[in-house]
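Asks: sequence plus predicted model, see below.
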Amino acid sequence: MPSSHWLRRPTLLPGRPMDPTRLYLRLGALGGFANATGLVLYAYYAVRVAHLSPLELVLAGTALEVATFVFEIPTGVVADLVSRRLSVVLGYLLVGAGFVLMGAAPAFWAIAGGQFVWGIGFTFFSGAREAWLADEVGEDAAGPLYPAFVRRRQFGLLVGGFVGIGIGWWWAAGTLLIGGVLYALAGVYLLFTMTEHGFAPAPREGRATWRTSFAQAAAGLRVARARPVVVTALLTTLLMGASSESFDRLWGFHLINSFDGLPDVMPEALFFGLVQLVAQLGSIAALRIAQSRTDFNSSSSVAIGLIGSNVVTIAAMILFAGAPVFAIALVGAWITFWVRAIEEPFATAWVNRGLPSATRATVLSTVGQSNALGQIAGGPIFGALAALAGVRVSMAVAAVVLVPAVALYWRHRGPAEDEAT
């Protein structure tokens, strides 16, 4: 049977097709549950069990971002030319494999290798999942579903966090192993439920050479250059990637080592997990508040939301970096987590409006690649800075890097930008 016929079956394996809206939102909950189960104690595992240094912590994260950078456009092209559904399924399966590898051994090689595989998997559904939804239900209907997806994901993160804490209380590596299995099961679930009616894959001859793939990537980049909003998104995600790398990789090390360890009120794994759960609860509340005050059909309204989230993120990261006592640092970390939860759905809805279907996945993947490039460039710099000048200095400098992003978003706050897009 020709591969094109196979890809156009109602589902990849005989099963029960599901409404795209329901499935997309369900993926938010399933992915969040698997992610939190696997990662709720990752920072604790990497610092306390694997004993990674600040530089090793950042370099392990850099492995993830290198994979994202190298594979983002090729996998986006696969989603545009072959099948977005197949790309999403492969992504979930590979992320699961990466989690399992990270938990296989408490060593730098396993953690960095697992993050590399995780990064490859992420690129398969980065952009492809949202492009699939837009094609299946329409661009206007898809817009409000992006923040709804994140809310479902945050609910899954919250529930999965409790499960991960329960596992990690007696087996820290088990959180990563079980989280990986859950991700793989989500991929298997998609084989039986995910349809693809709104997308027509390119003919077989159109997929036969690398020249076609490069041409498709070039077409996506031309669209990006032609739209001011996409150009701004590329620049701001580059800055966000560079800034976030220091905080994402070193916040756990800072809390554990800069204040003589965690408070001696309960087992460390339990306390660390509760810190993560509070972060998730605050993120859910922050997103709900931001969504209720934002018109997602107005690019200027979304731009104002992005300005506010970045300003608060800068202040919270500086507070976290310079905190004289553990309690203040914890508040700074929580605020940073809460406000950064707004960034992804707002940026996705902002840049996705008006993109042509033929290059939508590639353009969104290019924006994701910009974030990875920022983290690749920023990771070693901030890791070296942490080794030479300390973790506090590294994170304070990372906060300042976001200042130009605020200025870039400020340019798109006016109503004229809505007409341009």
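Replies: In hand now; what should we look at?

Asks: contacting residues for the closest residue to residue 52 other than its chain neighbours?
Replies: Among residues not flanking residue 52 along the chain, residue 46 sits closest, at 4.9 Å (Cβ to Cβ, 6 or more residues apart in numbering). Every C-beta, even on glycine, is put in place using the N, C-alpha and C of the backbone. Residue 46 makes contact with 52, 57, 60, 111, 252 under the criterion Cβ atoms under 8 Å, 6 or more residues apart in numbering.

Asks: could you export those residues as TSV, including distance to residue 29 and pLDDT?
Replies: Formatted as TSV, the contacts of residue 46 follow (distance: Cβ to Cβ, whole Å; pLDDT from 0 to 100):
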residue	distance to residue 29	pLDDT
52	31	93
57	29	93
60	28	93
111	27	96
252	25	90
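
Asks: among the residues you listed, which are in helices?
Replies: 57, 60, 111, 252 (DSSP state H).

Asks: most surrounded residue in these?
Replies: residue 111 (28 neighbours; other Cβ atoms under 10 Å).

Asks: got the contact list for that one?
Replies: Counting by Cβ under 8 Å, 6+ apart, residue 111 touches 46, 50, 52, 60, 102.

Asks: on that earlier part again, which of the ones in helices among the contacts of residue 46 sits closest to residue 153?
Replies: residue 252 (21.3 Å; Cβ to Cβ).

Asks: need the contacts of residue 46 in a markdown table (columns: distance to residue 182).
Replies: Below are the contacts of residue 46 laid out as a markdown table (distance: Cβ to Cβ, whole Å):
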| residue | distance to residue 182 |
| --- | --- |
| 52 | 24 |
| 57 | 24 |
| 60 | 22 |
| 111 | 19 |
| 252 | 22 |
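
Asks: nearest to residue 186, of the residues you listed?
Replies: Nearest to residue 186 among those: residue 111, at 22.2 Å, using Cβ to Cβ.

Asks: so residue 112 is in contact with residue 59, correct?
Replies: Yes - using Cβ atoms under 8 Å, residue 112 is in contact with residue 59, at 6.7 Å.

Asks: and which of the contacts of residue 46 is nearest residue 230?
Replies: residue 60 (30.6 Å).

Asks: now do the contacts for the residue nearest to that closest one when sequence neighbours are not counted.
Replies: Nearest residue to residue 60, sequence neighbours excluded (Cβ to Cβ, 6+ apart): residue 112, at 4.4 Å. Residues near residue 112 by Cβ under 8 Å, 6+ apart: 59-60, 63.

Asks: would CSV of those residues with distance to residue 410 be doable?
Replies: Listed next are the contacts of residue 112 as CSV, based on distance: Cβ to Cβ, whole Å:
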residue, distance to residue 410
59, 34
60, 35
63, 34
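
Asks: measure how buried residue 339 is and give me the count.
Replies: 24.

Asks: which residues does the residue nearest to the spatial centre of the chain contact?
Replies: Ranked by distance to the mean C-alpha position of the chain (Cα atoms, centre = their mean), the top residue is residue 344 at 7.6 Å. Each residue near residue 344 by Cβ under 8 Å, 6+ apart is listed here: residue 150.

Asks: using the three-state scheme, assign it.
Replies: Three-state assignment for residue 344 (DSSP: H, G, I helix; E, B strand; the rest coil): helix.

Asks: now residue 406: which helix or strand?
Replies: Residue 406 is part of helix 403-410, with elements assigned from DSSP states H and E.

Asks: that older thread, what about the residue nearest to residue 52, distance to residue 137?
Replies: Noted for residue 46: a distance of 39 Å to residue 137, by Cβ to Cβ, to the nearest Å.

Asks: now do the contacts for residue 251.
Replies: So residue 251 contacts 43, 320, 333, 336, 395 (Cβ under 8 Å, 6+ apart).

Asks: if I pick residue 248, what's in contact with it?
Replies: Contacts of residue 248 (Cβ under 8 Å, 6+ apart): residue 61.

Asks: can you give me the angle whichever strand or helix holds it makes with helix 403-410?
Replies: Using DSSP H and E, residue 248 maps to helix 228-257. With axes from the mean of the first three to the mean of the last three Cα atoms, to 10 degrees defining the directions, helix 228-257 sits at 150 degrees from helix 403-410.

Asks: buried set for helix 228-257?
Replies: Judged by neighbour count (16 or more other Cβ atoms under 10 Å), helix 228-257 contains these buried residues: 229-230, 232-256.

Asks: hmm, residue 118 is touching residue 103, no?
Replies: No - distance between residue 118 and residue 103: 11.6 Å, which falls outside the contact criterion (Cβ under 8 Å).

Asks: got a list of what residue 345 touches?
Replies: Per Cβ under 8 Å, 6+ apart, neighbours of residue 345: 146-147, 149-150, 287.

Asks: cutoff 7 Å now
Replies: 146-147, 150 (Cβ atoms under 7 Å, 6 or more residues apart in numbering).

Asks: pick the one among those closest to residue 167.
Replies: Using Cβ to Cβ, those come closest to residue 167 at residue 150, 24.6 Å.

Asks: for the closest one, give me its contacts.
Replies: Contacts of residue 150 (Cβ under 7 Å, 6+ apart): 28, 287, 344-345.

Asks: now do the SS call for it.
Replies: From three-state DSSP, the assignment for residue 150 is helix.

Asks: is residue 45 in contact with residue 174, as I believe?
Replies: No - if you go by Cβ atoms under 7 Å, residue 45 and residue 174 don't touch, sitting 9.9 Å apart.

Asks: quick one: which of the two has more around it?
Replies: Taking other Cβ under 10 Å, residue 45 and residue 174 do not tie; residue 45 has more neighbours (25 against 19).
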